[in-house]
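Trainee: Provided below for reference: sequence and predicted model.
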Amino acid sequence: MINSWKFVSIVAAVFSVLLPISYAKASDEIAVTEVQTKPNIIFIFADDLGYGDISSFGATDINTPNIDQIGEQGIKFTNFYSAANICTPSRASLLTGRHSVRMGISAVFAESSPEGMPLSEITIAEALKPQGYKTGMVGKWHLGHHDRFMPWNQGFEEFYGVPFSNDMSNFFWYENQEVTYTEIDQQYLTKRYTDKAIDFIDRHQHQPFFLYLAHSMPHVPLYASPEFQGSSERGLYGDVVQELDWSVGEIIKTLKAKGLWENTLLVFSSDNGPWLMMGEDGGSAGELRNGKMTTFDGGHRVPTVAHWPAGIEPRQYDGVLSMLDWFPTFVELSGGSLPTDREIDGNNITRVLSGESDNQEGVYVYFDRLNKQVQAVRKGNFKLKLAHGLGLNIYTGNGIIANMTAYSHPLLLIDLSKDPFESDNLADQYPEKVAELKEIIAKHQSIKPEQRWLLMGGTASDKKGYGPFFTTMAIMALISLIILVGIIYGVFKLLRRGYRRIKSSTQKSSN
């Protein structure tokens with residue numbers, strides 16, 4: 001028979017081992033529960049998708065039921081703006097909440113570019129990681145393709161995708177930090193991204209995560225997988241967009257199957273407006289004027305929807321918001337704090353999402369990528385666009401033969417709520433509104449780059465041998481032009497002489 005004291009001591013020893021383990025497990029469960037109250041965040045970015053390319057935003061020849069569902073069950077933004085009218089600056093601003101001009105970024109990084117987004121910038125991924133988020137990116141990066149600028153050095157723990165646009169050379173696939181040196185079959189690129197995104201969700205479903213899914217499409221060249229080819233009523237472009245919608249649907253299915261749908265903030269948007277110069281391959285801005293690379297609304301306003309049952313009041317929101325607003329919003333939702341050592345240009349819109357705020361008087365500034373200056377500003381319904389170029393059309397007796405107002409125009413004041421195509425100039429009718437908006441433009445014109453690139457450049461002596469060469473070429477070009485003008489003039493004289501002879505002969509015959 002066991003001694004009673006020995007029995008008590010054995011029981012005490014057992015409890016001394018089991019109680020800490022049970023407490024530790026309980027603590028872990030509490031910690032996990034606390035962490036999982038933070039929303040998962042998935043941001044899906046299309047490339048060059050126009051305002052008029054989604055069914056719920058007016059497209060009648062492209063079907064996008066999954067994207068439409070996000071807006072119908074969540075929030076549809078009718079006046080949501082990209083941060084720029086071209087790719088690289090837009091992406092830099094999305095990830096940092098800052099105007100790209102502050103970073104010295106105003107153009108698209110080429111495949112030969114030595115530049116990248118400065119490492120001193122803080123991305124969404126870098127801000128969310130300390131809050132317990134798993135961070136991953138799938139798709140197109142385009143913020144610098146040299147190693148030090150790549151996603152793994154800017155907060156993303158995982159990266160599966162490509163370094164820049166699909167029309168650039170050296171277009172290779174990255175599996176985290178390893179490059180796969182085989183040609184990418186772009187027919188299956190959208191599916192490849194989708195599979196990687198679903199795999200990321202599957203592996204990290206038990207902790208909060210931030211997934212940035214940046215599609216390469218519908219940027220040209222266009223590719224759709226075989227089963228989507230011919231599926232739309234708008235040619236290959238529509239097929240590509242419908243496959244993007246399928247991809248969104250697969251993400252939705254995955255979230256629902258894993259019980260993540262209720263607590264995931266899912267956003268779908270585009271980096272800028274459609275590339276209209278690509279014709280039928282370039283998309284549509286719908287009711288808006290112009291597209292990519294311009295500071296009319298077709299270049300900046302993008303179709304945007306978001307879904308999050310736990311934090312969004314379902315509705316259509318007509319206020320002015322921009323891509324800059326996501327950084328402070330995501331940081332707030334993660335439980336983090338905004339950096340205090342730099343200017344954050346975006347605004348926290350959590351109260352807009354929840355329906356607590358319905359402020360429609362948002363402000364958006366339109367930077368011109370060419371001169372790196374503010375070209376226009378919108379506040380509420382009114383947009384002021386500074387005079388640009390000559391503002392002329394070339395006319396003949398049959399009407400306009402060269403429409404220069406696409407890139408050249410006088411000072412414009414537009415009421416976008418009544419005139420989305422920006423055709424009715426109200427500047428003379430509302431001088432006080434013009435003055436108010438000019439003050440906002442002047443404030444933003446003072447923004448200067450905080451980062452300056454120090455790149456190796458040639459000296460004047462390196463190019464001294466080019467002088468005679470360019471002089472010779474200029475002389476040859478001038479001589480060629482004179483000869484061409486002479487030939488045209490000679491042909492004109494011959495035709496005119498022949499015409500007179502024919503006319504004279506005709507008159508003699510009739511007499």
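Mentor: Done, it's in.
Trainee: for stretch 139-146, the averaged confidence score.
Mentor: Averaged across stretch 139-146, pLDDT comes to 97.
Trainee: next: stretch 444-456.
Mentor: For stretch 444-456, the mean per-residue pLDDT is 72.
Trainee: what distance do you get for the residue nearest the centre of the chain to Ile252?
Mentor: Closest to where the C-alpha atoms of the chain average out (C-alpha atoms, centre = their mean) is Asp271, at 1.2 Å. In this view, Asp271 and Ile252 are 22 Å apart by C-beta to C-beta, to the nearest Å. Any C-beta I mention is one placed from the backbone N, CA and C, and that applies to glycine too.
Trainee: now the residue nearest to the centre of the chain: how far from Lys379?
Mentor: 24 Å.
Trainee: go on, Ile70?
Mentor: Taking C-beta to C-beta, one finds Ile70 at 28 Å from Lys379.
Trainee: now do Thr60
Mentor: With distances taken as C-beta to C-beta, Thr60 is found 32 Å from Lys379.
Trainee: ok, now Ser334?
Mentor: Counting by C-beta to C-beta, the gap from Ser334 to Lys379 is 30 Å.
Trainee: more neighbours: those two, which one.
Mentor: Shown here are Ser334 and Lys379; by other C-beta atoms under 10 Å, Ser334 has more neighbours (21 against 17).
Trainee: just checking, the more buried one touches Glu126?
Mentor: No - applying C-beta atoms under 8 Å as the test, Ser334 and Glu126 come out as separate, 11.5 Å apart.
Trainee: for the longest helix along the chain, the distance to its chain's centre please.
Mentor: Looking across the chain with DSSP state H, the single longest helix is helix 466-510. Distance of helix 466-510 from the chain centroid (C-alpha atoms, centre = their mean, to the nearest Å) equals 50 Å.
Trainee: give the contact list for the residue nearest to the centre of the chain.
Mentor: Contact analysis of Asp271 by C-beta atoms under 8 Å, 6 or more residues apart in numbering lists Phe45, Ala46, Asp47, Asp48, Ser82, Cys87, Ser90, Arg91, Leu94, Val302.
Trainee: need those in JSON lines (columns: neighbour count).
Mentor: Formatted as JSON lines, those follow (neighbours: other C-beta atoms under 10 Å):
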{"residue": "Phe45", "neighbour count": "22"}
{"residue": "Ala46", "neighbour count": "29"}
{"residue": "Asp47", "neighbour count": "24"}
{"residue": "Asp48", "neighbour count": "28"}
{"residue": "Ser82", "neighbour count": "28"}
{"residue": "Cys87", "neighbour count": "23"}
{"residue": "Ser90", "neighbour count": "27"}
{"residue": "Arg91", "neighbour count": "29"}
{"residue": "Leu94", "neighbour count": "28"}
{"residue": "Val302", "neighbour count": "32"}
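Trainee: tell me which element Ala127 is part of?
Mentor: According to DSSP states H and E, Ala127 maps onto helix 124-128.
Trainee: can I get the CA coordinates of that helix in CSV?
Mentor: The C-alpha trace of helix 124-128 is given here as CSV (Å, rounded to 0.1, in the frame of the first residue of the first chain):
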residue,chain,number,x,y,z
ILE,A,124,2.1,47.8,-46.3
ALA,A,125,3.9,44.5,-45.8
GLU,A,126,6.6,46.0,-43.6
ALA,A,127,4.0,47.8,-41.5
LEU,A,128,1.8,44.6,-41.0
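Trainee: mind listing what the helix or strand following that helix pairs with, with the direction of each?
Mentor: Per DSSP H and E, the first helix or strand lying C-terminal to helix 124-128 is strand 134-140. Paired neighbours of strand 134-140 in the sheet (DSSP bridges): strand 158-162 (parallel), strand 209-214 (parallel).
Trainee: would you mark the buried spots in strand 134-140?
Mentor: By neighbour count on 16 or more other C-beta atoms under 10 Å, the buried set for strand 134-140 is Lys134, Thr135, Gly136, Met137, Val138, Gly139, Lys140.
Trainee: grab the nearest non-local neighbour of Tyr51.
Mentor: Distances taken as C-beta to C-beta, 6 or more residues apart in numbering place Gly286 nearest to Tyr51, at 4.7 Å, with adjacent residues excluded.
Trainee: in a helix, that neighbour, correct?
Mentor: No - applying DSSP: H, G, I helix; E, B strand; the rest coil, one finds Gly286 to be coil, outside a helix.
Trainee: cool, thanks, talk later.
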